[in-house]
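Enquirer: here is my input, please return the structure:
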Amino acid sequence: MNKNYAVAGAILLSLNVFAQEKTKVDSLNNYYEIQEVNILGEEKNEGPIHKIDAQLIKDFNKTNVVDAVNLLPGVSITQIGARNEGSILVRGFNSLRTPVFFDGIPIYTPYHGNFDLSRFTTFDINSISVEKGLVSVQYEPSTMGGAVNIVSKKPIKALDSDGQSGVGFADERV
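Expert: Numbers count the residues shown, from 1 in each chain. Sure thing, here's the model as predicted:
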């Protein structure tokens with residue numbers, strides 16, 4: 001009886017070996033070959049950086065940073081907190097995950113991190129750039145949503161002897 005089971009098992013194993021010996025036919029090679037695509041041109045990859053300059057801010061008559069940044073794609077504005085503070089959302093990330101820099105200095109409130117970005121006027125701003133997605137590690141670790149850079153205008157006149165008057169910007173509004 002045990003010999004019958006052993007013979008039946010040997011026959012089944014040998015049939016399994018013969019079933020696996022079939023050669024596979026690649027049907028895709030019958031229809032087409034993979035070809036190479038060559039693209040010629042100048043490489044210009046700045047990444048997802050969007051920028052507003054002073055002229056665009058002036059043309060659209062934007063008076064604060066929140067309203068000016070609202071011109072960019074992927075950026076929406078919101079009012080948060082008990083004091084109705086103006087804030088921006090870059091791809092859905094608020095200021096805790098998208099830091100805002102003014103001339104390279106991060107803007108934040110130490111306790112809760114929210115700040116009123118609508119208090120920054122556009123009178124002395126040269127440009128606002130919003131970097132989305134992967135940004136440089138030089139910013140800081142909390143740049144999951146990107147980074148916002150506000151660049152102020154360069155002064156064109158020196159201070160007078162009293163230290164208060166005589167300051168002008170390169171593009172003063174009238």
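
Enquirer: and the pLDDT at the residue nearest the centre of the chain?
Expert: The centroid of the chain falls nearest to Lys132 when counting by C-alpha atoms, centre = their mean (1.1 Å). pLDDT for Lys132: 83.

Enquirer: quick one: the helices in this protein?
Expert: Per DSSP state H, the chain carries helices over the ranges 2-19, 54-59, 65-69.

Enquirer: now the last one: mean pLDDT?
Expert: The reference is to helix 65-69. Throughout helix 65-69, pLDDT has a mean value of 91.

Enquirer: that one packs against which elements?
Expert: Contacts of helix 65-69 with other secondary structure elements, assessed using 3 or more C-beta pairs under 8 Å, 6 or more residues apart in numbering; DSSP states H and E, are made with strand 75-80, strand 85-90, strand 125-132. For every residue, glycine as well, the C-beta is placed using N, CA and C.

Enquirer: nearest to Pro110, of the helices of the chain?
Expert: With C-beta to C-beta as the criterion, Pro110 lies closest to helix 65-69 of these, at 20.5 Å.

Enquirer: mind checking how far that closest one is from the chain centre?
Expert: Relative to the chain's own centre, helix 65-69 is displaced by 17 Å; criterion: C-alpha atoms, centre = their mean, to the nearest Å.

Enquirer: what does it rub up against?
Expert: 52, 57, 60, 62, 75, 77, 86-88, 117-118, 120-122, 125, 128, 130, 148, 150 (C-beta atoms under 8 Å, 6 or more residues apart in numbering).
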